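Enquirer: give me a 3D structure for the following:
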Amino acid sequence: MIVARNASLARVARRQLNMATHHQLKQAGIPAGTISGRSRRGGPWQRILPRVYLLQTGPPHHRQQALSAVLYAAHPAADPLSGSTAALTGGAALALLGIRNAPPEPLDVLVRAPRSPAAAGRVRPCPTSRWPATIHIAGVPSTRPIRAAADFAARTDDPDLVRSVLANVVQGGWCHPHDLHAELRAGRLRGRPAVRVAAAELVAGVRSIAEGRARDTLAATDLPAPLWNPRLHGPDGAFLASPDAYWPEEGVALEIDSVEYHYTRDAWQATLHRRLRLESRGILVVSTTPGILRDRPADVIAALRALLALGAARPAPPAVTARGHTQLELPLPPAYAPKARDTV
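Expert: Numbers count the residues shown, from 1 in each chain. Here you go, the predicted model:
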């Protein structure tokens, strides 16, 4: 077997998930005719991208597909694993991290400008003069999550997907919302409607697409703005819960409970226990689901309006301290602001 007999090629294959570039094969002393012959249909190698070879039979797994994109886009004379000339970014890099809803394709790869390799298959080279720090994710040179999220937002037109993925990056603890907002600003992306709305929601404390819809729904009413995802503590400092939205002056909480996260007996019990902790402190709780919020927002608003009126009529709000988020509202230009509804 050529790979086993050729020590130089064996080292490359071990480092690169059993793949090599045409340049590396030539450097290892493999003649061009041999490369072409072994990668013909039915041969032991496969050309999976221009100048990139999989040194095995059978389909590539997802890590090999991701690394093949970097091998294709990297400068031929550079070590492709160095991350100095090419790095996976966007949804593909976020998907390698396991970030929910991040699409593994297309394979966006940053390359240093002025180089601009042609797109090939699912690979989209993205030239940039703003080269970031890089890391390795599952053996693949990649941008850090904060840059990958910004690059994903720059190349995605689906506003709900942008909101969801950016929220999951922040929710997973991969970056702080203020840092992500700064990265989006540095990439000059805040002019994109979906990006601007998602960034405003994250800085305000919104952490999911359902919460984003709730924020849009509330913004179209005359109800006061809540705190999003605050950490509530009792007078003794003990942590109570972190509701999706909270009105401190009225002592009202909004909980958006998705079936996806509450379908097991233990998860539902934990949800009820959290609600009991809130109610034991006098907090009035409105419960809904993403589906109800999407399909019947007027019902949610009516329930909130009733409990906010009850809370405002009490002599004093519950003795609860809200921590964890400063309510910051970024001004939205009129073109991007949620449109008022006729009825709520």
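Enquirer: so where's the stretch 151-300 of the chain uncertain?
Expert: For the stretch 151-300 of the chain, the stretches with pLDDT under 70 are 190, 203-207, 259-265, 267.
Enquirer: got the residue ranges for the helices in it?
Expert: For the stretch 151-300 of the chain, the helices defined by DSSP state H, counting those that start in this stretch occupy 159-171, 177-186, 193-204, 209-219, 259-262, 265-280, 290-295, 297-313.
Enquirer: ok, then the element right after the longest one?
Expert: In other words, helix 297-313. Once the chain leaves helix 297-313, the next helix or strand it forms, by DSSP states H and E, is strand 321-323.
Enquirer: all helices for the stretch 1-150 of the chain, in order.
Expert: Under the criterion DSSP H, counting those that start in this stretch, the stretch 1-150 of the chain contains helices at 2-5, 7-15, 22-27, 32-38, 62-73, 90-96, 145-154.
Enquirer: to Ala200, which of these lies closest?
Expert: Ala200 lies closest to helix 145-154 among the helices of the stretch 1-150 of the chain, at 13.0 Å (CB to CB). C-beta here means a position set from N, CA and C on the backbone, and glycine is covered the same way.
Enquirer: quick one: list the elements packing against that closest one.
Expert: Here helix 145-154 touches strand 86-89, helix 90-96, strand 107-112, helix 159-171, helix 177-186, helix 193-204, going by 3 or more CB pairs under 8 Å, 6 or more residues apart in numbering; DSSP states H and E.
Enquirer: adding distance to Ala32 and mean neighbour count, write these out as CSV.
Expert: Compiled in CSV, these are given as follows (distance: least, CB to CB, whole Å; neighbours: other CB atoms under 10 Å):
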stretch, distance to Ala32, mean neighbour count
strand 86-89, 24, 30
helix 90-96, 31, 27
strand 107-112, 25, 25
helix 159-171, 42, 22
helix 177-186, 43, 18
helix 193-204, 46, 23
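Enquirer: JSON lines for those, including distance to Gly33?
Expert: Shown next, in JSON lines, are the helices and strands packed on helix 145-154 (distance: least, CB to CB, whole Å):
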{"stretch": "strand 86-89", "distance to Gly33": "28"}
{"stretch": "helix 90-96", "distance to Gly33": "34"}
{"stretch": "strand 107-112", "distance to Gly33": "30"}
{"stretch": "helix 159-171", "distance to Gly33": "46"}
{"stretch": "helix 177-186", "distance to Gly33": "48"}
{"stretch": "helix 193-204", "distance to Gly33": "50"}
